[in-house]
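Colleague: Let's see this in three dimensions:
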Amino acid sequence: MVGRIRRKAGLAEADARARRVDTAPALCALCARPLGTRVEWHHVIPRSEGGTDTVPLHPICHRAIHAAADNATLARAGTLDAIRDLPPLSRFLRWIADKPADFHAPTRRRRDPLQ
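Modeller: Okay, here's the model as predicted:
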């Protein structure tokens, strides 16, 4: 158990270093706007589907991705270009294009067609 705690602490420190704004790229990988003070990291292919690569996003962009598609859809898409082409995200990207870097608004979940 001690090794596991040590490993978690090490991951938390590495995670904190990776999330600092000065080490992150200057642009959001989804909308290409400048990143603000908060940066979230998104697995392009979900971890549950075997993905390991992450990209920096605005928190609102990250929430929009997960509101528009489930993990299976994201895994099938496989790239950010394919994710951008999803209809709910293409509308979101047109809407968010002129917003400031630290803009935040509530994110609506997509409606299940069966309800």
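
Colleague: Just the element for residue 92, please.
Modeller: helix 87-96 (DSSP states H and E).

Colleague: Buried ones in that helix, by neighbour count?
Modeller: 89, 92, 93, 96 (16 or more other Cβ atoms under 10 Å). Placement of C-beta: from N, CA and C, glycine included.

Colleague: So for the spatially closest residue to residue 63 that is not a sequence neighbour, what pLDDT did the model give?
Modeller: Nearest non-adjacent residue to residue 63, counting by Cβ to Cβ, 6 or more residues apart in numbering: residue 107, 4.1 Å away. With respect to pLDDT, residue 107 scores 71.

Colleague: Surely residue 107 and residue 67 touch.
Modeller: Yes: with contact defined as Cβ atoms under 8 Å, residue 107 counts as touching residue 67 (5.1 Å).

Colleague: where does the protein have low pLDDT?
Modeller: 1-24, 108-115 (pLDDT under 70).

Colleague: Show me the strands in it, by range?
Modeller: Along the chain, the segments classed as strands by DSSP state E run 40-43, 54-57.

Colleague: mind putting those strands in JSON lines, mean neighbour count and distance to residue 72 included?
Modeller: Below are the strands of the chain laid out as JSON lines (neighbours: other Cβ atoms under 10 Å; distance: least, Cβ to Cβ, whole Å):
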{"stretch": "strand 40-43", "mean neighbour count": "18", "distance to residue 72": "14"}
{"stretch": "strand 54-57", "mean neighbour count": "18", "distance to residue 72": "19"}
